[in-house]
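Undergrad: how does the following fold in three dimensions:
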Amino acid sequence: MELFGLGAPELLLILFVLLLFFGKDKLPELARSIGASFKELKSGFTEGAEASKDGKKAADKTAK
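TA: Purely as a prediction, here's the structure:
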């Protein structure tokens, strides 16, 4: 198992350090908030891409 160039021992060490810092009760809450942030970021990227496409189409129509 390799993620971002890190092997299993490195990932376990990172998980252990996170557990020490945040505790077992806060870790699921932290994971949920990170997931929600990624979801919001993804939707922002797709909305931005759609707005960019719409802006290009509008610019092309006015140029003709």
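
Undergrad: looking only at pLDDT, what's the mean for the helix or strand where residue 23 lies?
TA: For residue 23, the enclosing helix or strand under DSSP states H and E is helix 8-63. Average pLDDT, helix 8-63: 83.

Undergrad: in the protein, which residue is most central in space?
TA: Centroid check for the chain by C-alpha atoms, centre = their mean gives residue 38 as the closest residue, at 2.9 Å.

Undergrad: excluding chain neighbours, what is closest to residue 19?
TA: In this structure, residue 19 finds its nearest non-sequential neighbour in residue 27, 6.3 Å apart by C-beta to C-beta, 6 or more residues apart in numbering. Any C-beta I mention is one placed from the backbone N, CA and C, and that applies to glycine too.

Undergrad: and the one you found, how many residues sit next to it?
TA: By other C-beta atoms under 10 Å, the residues close to residue 27 number 14.

Undergrad: which ones are touching the residue nearest to the centre of the chain?
TA: Contact analysis of residue 38 by C-beta atoms under 8 Å, 6 or more residues apart in numbering lists nothing.

Undergrad: what distance do you get for residue 19 to residue 50?
TA: Distance, residue 19 to residue 50, by C-beta to C-beta, to the nearest Å: 40 Å.

Undergrad: now swap in residue 44 and tell me
TA: Using C-beta to C-beta, residue 44 is found at 11 Å from residue 50.

Undergrad: now do residue 29
TA: Counting by C-beta to C-beta, the gap from residue 29 to residue 50 is 32 Å.

Undergrad: likewise for residue 18?
TA: Distance, residue 18 to residue 50, by C-beta to C-beta: 36 Å.

Undergrad: and those two? which has more neighbours close in?
TA: Between residue 18 and residue 50, counting by other C-beta under 10 Å, residue 18 is the more crowded of the two (14 against 10).

Undergrad: fine by me, thanks again.
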